[in-house]
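# Got a sequence here, can you build the structure:
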Amino acid sequence: MALETTRFDILEHLKSPADHVAYIEAVLEDGDPSLIAAALGDIARARGVTEFARETGLSRETIYKAFKPGGNPTLETISKAMKALGLRLTAAAVPREAA
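Next comes the predicted model:
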């Protein structure tokens, strides 16, 4: 018997602002810049790109171009997106692994 699979759509799991925050926190833990950009794009689509553009002050075109897999948003663009999510960028020391 063949294994049945279903298509995974992250937008089905991004229903509330708390979901958005948890998602971006998890992606930031990974630290992959391309994944961070794509996740912000997922959140923009979940909120509605027009609404997200209004909240961030960014154009819809900027959102689509910057927040796609492989996108390369500027720090200013990321900062605006994070602020719209009610988050701020911070730095934290990462423990060095024992040699």
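# So which bits of the host helix or strand of residue 28 are buried?
Taking DSSP states H and E as the criterion, residue 28 maps to helix 17-30. Within helix 17-30, the residues that count as buried by 16 or more other C-beta atoms under 10 Å are 20, 23, 24, 27, 28. Placement of C-beta: from N, CA and C, glycine included.
# where's the first one relative to residue 2, distance?
What that stands for is residue 20. Between residue 20 and residue 2 the distance is 36 Å, computed by C-beta to C-beta, to the nearest Å.
# The third one too?
The spacing between residue 24 and residue 2, counted by C-beta to C-beta, is 36 Å.
# same check, this time on the fourth one
As judged by C-beta to C-beta, residue 27 and residue 2 stand 33 Å apart.
# tell me which element residue 34 falls in.
Assessed by DSSP H and E, residue 34 sits inside helix 33-47.
# now that helix and helix 17-30, what's the angle there?
Taking axes from the mean of the first three to the mean of the last three C-alpha atoms, to 10 degrees, helix 33-47 and helix 17-30 form an angle of 170 degrees between their directions.
# Going forward, count from 716.
Taking 716 as the first residue, the last one we looked at is helix 748-762.
# quick check: angle from the helix or strand following helix 748-762 to helix 748-762?
Using DSSP H and E, the helix or strand that follows helix 748-762 towards the C-terminus is helix 764-771. Helix 764-771 runs at 110 degrees relative to helix 748-762, counting by the same axes, to 10 degrees.
# Point out the other helices and strands that helix 764-771 packs with.
helix 748-762, helix 775-781, helix 790-799 (3 or more C-beta pairs under 8 Å, 6 or more residues apart in numbering; DSSP states H and E).
# same thing but 6 Å
helix 775-781, helix 790-799 (3 or more C-beta pairs under 6 Å, 6 or more residues apart in numbering; DSSP states H and E).
# Residues contacting that helix, please?
Residues outside helix 764-771 that contact it (C-beta atoms under 6 Å, 6 or more residues apart in numbering): 759, 775, 778, 795, 796, 799.
# The last one and residue 724, how far apart?
Distance from residue 799 to residue 724, counting by C-beta to C-beta: 22 Å.
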